[in-house]
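In: Sequence first, then the predicted structure:
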Amino acid sequence: FCYVAMRRAEETLTLCAFAPGQPLLDALRPDLRPQTCDLAADPELDVRYQTLGMPDVDLSFAGRQPPGAPIHAATRRLEAGDPLSLRVDRERYAILDRDGVVVGRTSKNFRLEVEIEHCEVAAILTRYAEDSDPAYLSSLHCPQWELVVPRLQGRPRRAG
């Protein structure tokens with residue numbers, strides 16, 4: 001019954017039970033009707049992924065650094081899948097490579113949705129000063145720079 005859904009799920013899969021008396025359930029042959037299962041939820045399966053999008057990262061952070069700043073060499077060495085970490089930096093998070101070099105920063109809009117167990121490079125994009133908002137051009141020190149986009153893996157954050 002759920003074979004196709006289970007085969008196509010990439011990160012998560014939610015199965016919903018039918019309540020007795022529903023037309024779809026009543027239309028199934030008795031041997032295809034859902035069975036009650038009393039298995040406990042496996043906490044190892046409660047993994048969440050959060051890939052940051054463009055609104056979540058400070059797009060011009062690296063562009064505001066001088067051309068010889070360590071961030072530029074560090075981002076050039078990164079590849080998709082390389083490990084990263086986040087460190088609280090006032091109201092944002094600094095994004096660090098495996099050597100602890102800052103390779104980016106989150107935006108003020110970013111909200112952490114998981115208790116981070118793993119953080120890695122999802123993508124590296126090239127940004128150009130000419131594509132930036134004219135109001136910010138005077139703060140840029142590079143004509144182009146790399147933007148690191150992280151992917152987080154972990155457990156859902158507890159409220160509070």
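Out: Thanks, I have the structure now.
In: Look through the chain and tell me its longest strand.
Out: strand 114-128 (DSSP state E).
In: Show the contacting residues for Pro156.
Out: Residues near Pro156 by C-beta atoms under 8 Å, 6 or more residues apart in numbering: 46, 48, 113-115. C-beta here means a position set from N, CA and C on the backbone, and glycine is covered the same way.
In: got it, and Asp97?
Out: 74, 77-78, 82-84, 103.
In: now the helices: where do they sit in the protein?
Out: All helices of the chain, identified by DSSP state H, fall at 3-8, 23-27, 70-77.
In: pull the helix or strand with minimum mean pLDDT from this structure.
Out: When each helix and strand of the chain is scored by mean pLDDT, DSSP states H and E, helix 23-27 comes last, with a mean of 65.
In: Who does the residue at minimal distance from the centre of the chain form a beta bridge with?
Out: The centre of the chain sits closest to Thr51, judged by C-alpha atoms, centre = their mean, with a distance of 1.7 Å. Beta bridges link Thr51 to Arg151, judged by DSSP bridges.
In: next one: stretch 153-160 to chain centre, how far?
Out: Relative to its chain's centre, stretch 153-160 lies at 13 Å (C-alpha atoms, centre = their mean, to the nearest Å).
In: I meant to write stretch 141-155 there.
Out: 11 Å.
In: Please state the mean pLDDT value computed over it.
Out: For stretch 141-155, mean pLDDT is 94.
In: buried sites along stretch 131-151?
Out: For stretch 131-151, burial by neighbour count (16 or more other C-beta atoms under 10 Å) applies to 140, 142, 145-151.
In: Correction: the previous question concerned stretch 102-112.
Out: Buried-residue list, stretch 102-112, by 16+ other C-beta under 10 Å: 102-107, 110, 112.
In: Repeat that for stretch 64-83.
Out: Buried-residue list, stretch 64-83, by 16+ other C-beta under 10 Å: 64-65, 69, 71-72, 74-75, 78.
In: Comparing the helices of the chain by mean pLDDT, which bottoms out?
Out: Looking at these, the bottom one is helix 23-27 with a mean of 65.
In: where does the chain have low pLDDT?
Out: Under the criterion pLDDT under 70, the flagged ranges of the chain are 1-3, 5, 12-29, 31-39, 159-160.
In: Good, wrapping up.
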